[in-house]
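Test case, fold it:
(4 chains)
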Number of protein chains: 2
Amino acid sequence: MGEGRLQDEVAHLRARGYRVTAQRRAIIAALREAGRYCTAAQLFARLPVRQGDPISVSSVYRTLEVLADLGLAERRAEPTGEASFLYCSPRHHHHVICTACGAVREIDACPDEELARRVERATDFRVERHTLDFYGRCGDCRPRE
Amino acid sequence: MGEGRLQDEVAHLRARGYRVTAQRRAIIAALREAGRYCTAAQLFARLPVRQGDPISVSSVYRTLEVLADLGLAERRAEPTGEASFLYCSPRHHHHVICTACGAVREIDACPDEELARRVERATDFRVERHTLDFYGRCGDCRPRE
DNA sequence: CTGGTTGCAAAATTTTTGCACACTC
DNA sequence: GAGTGTGCAAAAATTTTGCAACCAG
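Numbering: from 1, shown residues only, chains lettered A, B, ... in the order given. Here you go, the predicted model:
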């Protein structure tokens, strides 16, 4: 679904003054196609090793940085401490993550505004944003019933 | 509030067969007193340098590992990629994090069960658990109005 | 006593940088 | 062209480990 179409991502890069290079396209495509959190090393391994287009690990790190800045990638820590990234859309959204295979799906479901207000009342914080992740088993990983 | 009382934590350690050492006590106390996410280095710096009780960085890492296992510490990735830990209670809860000073407060507010069910219907995942964090300004960091 | 823990220092990993060259705009 | 982005390899950090000595239970 939509593989190879990087127009949106490319537009985001340009809009923020970043240049669109072959490496960035490849890295974005690989991260997007992965559909799950990837460490820099895993992502590097997923890159096409084609012809005369070597991509260095440095570029992976540098691009991941850019993507996180654009809101196109989300950073997280692996249990081992390594940083890993997930491709995602820049609009507000949440995730369901499969605890078995690691697949991630974006969802729109969002907690009620009232919840944030309750938190404000209880803590004297002024809530500005939030993150929410669901964990469970995807259809493929769940034994058929 | 409650400084120095590590009974609960100590009990958790014992219950799981871990031994209670002076280093672990010190590290738990420091992490708890910090009240915010700390990288291994930051936590190491916070440890009391008293008398003949040297604590090595290795122990900080090792203990952090144990605490995460017990559910007494939560791991996260710093924007720089370093792993950082937050002291927290092992029961289900969420956090409000001050975007200015980094202070963290635990909260009970939790999204409605209905939300999880909506996610299940929309994605074919079977939701088992979730995480939720609120970000905003705490009373101290917010300009008085 | 017994075996989990620790310190130390070395090793393994992960991430960042300096620089000359390449490529985008 | 002007200046950003890249590869490479070296450097900086971070995190993990081996092992003898220590200490909690």
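
Please make it C-alpha for all contacts and neighbour counts, starting now.
Fine.

What's the separation between A:Glu114 and chain B?
Separation of A:Glu114 from chain B (CA to the nearest CA, to the nearest Å) stands at 10 Å.

now do A:Ala77
In terms of CA to the nearest CA, A:Ala77 sits 5 Å off from chain B.

Close to DNA strand C: what parts of chain A are there?
When proximity is defined by CA under 7 Å from any atom of the strand, chain A lies next to DNA strand C at A:14, A:19-22, A:39-41, A:57-58, A:61-62, A:82-84.

In helices, which of these appear?
Within these, residues falling in helices by DSSP state H are A:Arg14, A:Ala22, A:Ala40, A:Ala41, A:Val57, A:Ser58, A:Tyr61, A:Arg62.

Tell me the buried residues within those residues.
Among these, those classed as buried by 16 or more other CA atoms under 10 Å in any protein chain shown are A:Ala40, A:Tyr61.

what's the most distant pair in the ones in helices among the residues of chain A next to DNA strand C?
Largest separation among these by CA to CA: A:Arg14 and A:Ala41, giving 26.5 Å.

where along chain A do the helices fall?
Ranges of helices in chain A, per DSSP H, are A:7-15, A:22-34, A:40-46, A:57-70, A:113-123.

what's near enough to touch the nearest residue to A:Val96 once chain neighbours are set aside?
Excluding the flanking residues, the one nearest A:Val96 by CA to CA, 6 or more residues apart in numbering or on different chains is A:Phe134, at 4.5 Å. Residues in contact with A:Phe134 (CA atoms under 8 Å, 6 or more residues apart in numbering or on different chains) are A:His95, A:Val96, A:Ile97, B:Ala116, B:Val127, B:Glu128, B:Arg129, B:His130, B:Thr131.

And those residues, which is closest to DNA strand D?
Nearest to DNA strand D among those: B:Thr131, at 21.5 Å, using CA to the nearest atom of the strand.

correct me, but that closest one touches A:Leu132?
Yes: taking CA atoms under 8 Å as the definition, B:Thr131 is a contact partner of A:Leu132 at 5.6 Å.

shared neighbours of these two, anything?
Listed contacts common to B:Thr131 and A:Leu132 are nil; contacts here mean CA under 8 Å, 6+ apart.

Can you lay out the helices of chain A as CSV showing distance to B:Arg105?
Output for these, formatted as CSV (distance: least, CA to CA, whole Å):
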stretch, distance to B:Arg105
helix A:7-15, 35
helix A:22-34, 34
helix A:40-46, 32
helix A:57-70, 26
helix A:113-123, 8
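
before we move on, back to that, ok, and of the residues of chain A next to DNA strand C, which contact DNA strand D?
Among the residues of chain A next to DNA strand C, DNA strand D is touched by A:Arg19, A:Val20, A:Thr21, A:Ala22, A:Val57, A:Ser58, A:Arg62, A:Glu82 when using CA under 7 Å from any atom of the strand.

residues contacting the nearest residue to the first one once chain neighbours are set aside?
So that's A:Arg19. In space, and not counting its chain neighbours, A:Arg19 is closest to A:Leu13: 6.5 Å by CA to CA, 6+ apart. Counting by CA under 8 Å, 6+ apart, A:Leu13 touches A:Arg19, A:Val20, A:Leu70.
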